[in-house]
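Novice: here is my input, please return the structure:
(one chain, ligands or ions: 2)
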Amino acid sequence: MTHTCSYLRLSLTDRCSFDCFYCGAQKKEAFLSDREYLDVGELERLARLFVGLGIRHVRLTGGEPLLRAGIHDIVRRLAAIKGLELVSMTTNGFALADTLAARPFVGLRRLNVSLDTLQRGRFRSLTGVDGLERVLEGIRAARQNGLTDVRINVLLVRGFNDDEIASFVRFGLERDLVIRFIEYFPTQKRRQAFRSLYVASADVIKIIETTFGPLAPEGSDPLSGPAQYYRLSCGGPRLGFISSVTHFFCSGCNRLRLTADGKLFPCLHTEHYADVGTLLRAGRIDDVANLIAQTAEAKGRYNKMTCSRFFEMSSIGG
Ligand code: SAM
Ligand code: SF4
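Specialist: Numbering: from 1, shown residues only. Ligands and ions are numbered 1, 2, ... in the order given. Got it, this is the predicted structure:
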């Protein structure tokens, strides 16, 4: 496989406990059925093939990955794969405290919690759920469970939460948490509004520097996505910026995406996918490996920010 594909985003379900207005996870016309999901054995077999072909980081995502039955076993079995250096997860955090109270995760090294507002009413209007306190409790529980690498993803939407930038920086400083600000980009029918709704990372940096002083760039993390990290001169945890709109990062993209039913997408923005799940279920393991390799090799052709398809973030996992 081309050396550029070292990171696999693995969606475990297309369902979600929230219905964020920019994502609309509960508004889909049809959801996958349980038997369409790759089961834990299939996930493990596929992950071994991916690792054999160069993948070093698997991120579990969704929909909401904590809704997936058997999530502890999925994490444990993937984390035990030799050669896989990092298993991480992106979650909305709502079920985090309960999931960790049932059993801690074994092998999960990094957790990203999506949290776009620190205001209870706003949280409810964003997600449809009065769940801010539970998410905050989940973040505390993650730290108490020894998860040291917890990062908060803040998707900024102009006019909705861009007045909370400084509050999030303080939130990170007080709790020693990495805060990552993400530029909103449009999916499905929400495209037209996007020009006015994203907040450019450069503007976010200016706002932060006005209040907290200069930020020093620290570059990106190896094995990970396109986030660029900075540090405040007063110290504290890093701040990350994901500039999906203002900085095309296609040429440096190292990611592949697998849906919960085994469709492999070389890019978020293409209609093209390889149905590795069906081949796997037919027992055609060599063909699966070849198809993964071909899809990764051809990735450059699909890496265009031209958005050739309408897609739902909750199906492909962001
Ligand atoms: N439910 C989990 C969560 O929210 O963390 C995992 C799936 S969610 C689709 C993954 C990430 O995609 C979240 O951090 C969310 O903020 C981000 N996301 C969703 N829609 C987006 C959009 N239109 N632009 C940028 N990021 C988006
Ligand atoms: Fe669910 Fe995540 Fe989409 Fe929000 S962004 S609706 S939490 S999948």
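Novice: surely residue 265 and residue 253 touch.
Specialist: No - counting by Cβ atoms under 8 Å, residue 265 does not reach residue 253; the two are 11.8 Å apart. Glycine gets a C-beta too; all of them are placed from N, C-alpha and C.
Novice: neighbour count winner among these two?
Specialist: Between residue 265 and residue 253, counting by other Cβ atoms under 10 Å, residue 265 is the more crowded of the two (26 against 20).
Novice: got the contact list for the spatially closest residue to the more buried one that is not a sequence neighbour?
Specialist: Nearest residue to residue 265, sequence neighbours excluded (Cβ to Cβ, 6 or more residues apart in numbering): residue 257, at 4.4 Å. Neighbouring residues of residue 257 by Cβ atoms under 8 Å, 6 or more residues apart in numbering: 8, 9, 10, 11, 264, 265, 267, 268, 316, 317.
Novice: repeat that for residue 74.
Specialist: 12, 40, 43, 60, 68.
Novice: in contact with the last one: list those residues for me.
Specialist: So the one you mean is residue 68. Per Cβ under 8 Å, 6+ apart, neighbours of residue 68: 12, 13, 37, 62, 74.
Novice: what of residue 59?
Specialist: Listed by Cβ under 8 Å, 6+ apart, the contact set of residue 59 reads 7, 8, 9, 10, 87, 88, 89, 90, 112, 317.
Novice: change it to 6 Å
Specialist: Residues near residue 59 by Cβ atoms under 6 Å, 6 or more residues apart in numbering: 9, 88.
Novice: following the helix or strand harbouring it, which helix or strand comes up?
Specialist: Using DSSP states H and E, residue 59 falls within strand 57-61. Where DSSP H and E defines the elements, the next helix or strand beyond strand 57-61 is helix 71-79.
Novice: can you pull the buried residues of that next one?
Specialist: 71, 72, 74, 75, 76, 77, 78, 79 (16 or more other Cβ atoms under 10 Å).
Novice: one more: stretch 11-25?
Specialist: For stretch 11-25, by 16+ other Cβ under 10 Å, it's 11-18, 20, 22-25.
Novice: minimum pLDDT in those residues, which residue is that?
Specialist: Among the buried residues of stretch 11-25, residue 24 carries the lowest pLDDT, at 77.
Novice: and it, how close does it get to ligand 2?
Specialist: Separation of residue 24 from ligand 2 (Cβ to the nearest ligand atom, to the nearest Å): 7 Å.
Novice: can you check residue 71 too?
Specialist: On the measure of Cβ to the nearest ligand atom, residue 71 and ligand 2 end up 15 Å apart.
Novice: quick check: closest non-adjacent residue to that residue.
Specialist: residue 65 (6.4 Å).
Novice: before we move on, what about residue 211?
Specialist: Of all residues not flanking residue 211 in the chain, residue 166 sits nearest, at 5.1 Å (Cβ to Cβ, 6+ apart).
Novice: residue 147 against residue 112, yeah?
Specialist: No - assessed by Cβ atoms under 6 Å, residue 147 is found out of contact with residue 112, at 10.9 Å.
Novice: CA atoms of stretch 27-44 as CSV?
Specialist: Extracted C-alpha coordinates of stretch 27-44, given in CSV (Å, rounded to 0.1, in the frame of the first residue of the first chain):
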residue,chain,number,x,y,z
LYS,A,27,-32.7,12.1,10.1
LYS,A,28,-31.4,9.5,7.7
GLU,A,29,-34.0,7.6,5.7
ALA,A,30,-32.6,4.2,6.4
PHE,A,31,-30.1,2.7,8.9
LEU,A,32,-28.0,-0.4,8.7
SER,A,33,-29.4,-3.4,10.4
ASP,A,34,-27.4,-5.3,13.1
ARG,A,35,-26.6,-8.2,10.7
GLU,A,36,-25.1,-5.7,8.2
TYR,A,37,-22.5,-4.6,10.7
LEU,A,38,-19.1,-6.2,10.4
ASP,A,39,-18.9,-8.3,13.6
VAL,A,40,-16.0,-8.2,16.0
GLY,A,41,-14.2,-11.2,14.3
GLU,A,42,-14.7,-9.6,10.8
LEU,A,43,-13.4,-6.3,12.1
GLU,A,44,-10.4,-7.9,13.6
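Novice: what's the mean pLDDT across it?
Specialist: 93.
Novice: kindly report the same for stretch 280-297.
Specialist: 94.
Novice: quick one: residues in contact with that stretch.
Specialist: Residues contacting stretch 280-297 (Cβ under 6 Å, 6+ apart): 1, 2, 5, 42, 49, 53, 264, 266, 274, 276, 279.
Novice: what residues are up against residue 172?
Specialist: Residue 172 neighbours (Cβ under 6 Å, 6+ apart): 179, 237.
Novice: could you check the pLDDT of it?
Specialist: 97.
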